[in-house]
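With the sequence up front, the predicted model follows.
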Amino acid sequence: MAFAEESWVLVGEVTGGVWLGRLIGHRTGETASVDVAWRATLRREERYGDVVGFLHTHPPKPVSAGPPAPSARDVRTMAAWCSCFGKPLLCAIAAGEALAGFVFAGGHGGYVRADRIVRLGRQSRPAIVAVHDVDALTDQEVTDAG
């Protein structure tokens, strides 16, 4: 059976470099492709201004392969969302038991790895907490997507 990627929208707040997001809008896609409910996500941001990022899955891999990282498609997609919303966003990626977070700081596709990221809560009300001070981002720290 092929792996089906999943995605969620993270809504919440960013305060003092701490990103707290509740997962909403679960979607299931295909291998290497998942679609967020973009209309609902855009409406949510326009109404509440509380979209702080996205969580999606990558296929599980051995621990020795290291933590998950954004694919080229992830980078393009996050750059577009950042440009659309005009603010930094968190891209959380789960691959099996591994979880990694990346803060995308603008529409150019540059990003930094979050200093720490954890998944909290029960299955019915999970949340993501990530730590990275967006105001402290430097040009040297941001990975250039180009």
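That came in fine, so what should we check first?

How about the secondary structure of the nearest residue to residue 80 once chain neighbours are set aside?
Distances taken as C-beta to C-beta, 6 or more residues apart in numbering put residue 107 closest to residue 80, at 7.3 Å, once the chain neighbours are dropped. Heads up, the C-betas are built off the backbone N, CA and C, glycines and all. What DSSP: H, G, I helix; E, B strand; the rest coil gives for residue 107 is coil.

count of residues packed around residue 107?
Neighbour count of residue 107, defined by other C-beta atoms under 10 Å: 15.

ok, what's across the strand from residue 93?
The bridge-partner assignment for residue 93, based on DSSP bridges, gives residue 56, residue 100.

err, residue 27, not the other one
Counting by DSSP bridges, the residues bridging with residue 27 are residue 7.

Find me the pLDDT at it, would you?
For residue 27, the pLDDT comes out at 90.

you'd agree it is up against residue 9?
No - judged on C-beta atoms under 8 Å, residue 27 makes no contact with residue 9 at a distance of 9.0 Å.

list residues touching both of those two?
Counting by C-beta atoms under 8 Å, 6 or more residues apart in numbering, the contacts common to residue 27 and residue 9 are 36, 37.

list the contacts for the spatially most central residue of the chain?
Against the mean C-alpha coordinate of the chain, by C-alpha atoms, centre = their mean, the closest residue is residue 91 at 1.6 Å. Residues touching residue 91, when contacts are defined by C-beta under 8 Å, 6+ apart, comprise 53, 54, 56, 70, 74, 78, 101, 102, 103, 104, 111.

Of those, which belong to strands?
Judged by DSSP state E, the contacts of residue 91 include 53, 54, 56, 101, 102, 103, 104, 111 as members of strands.
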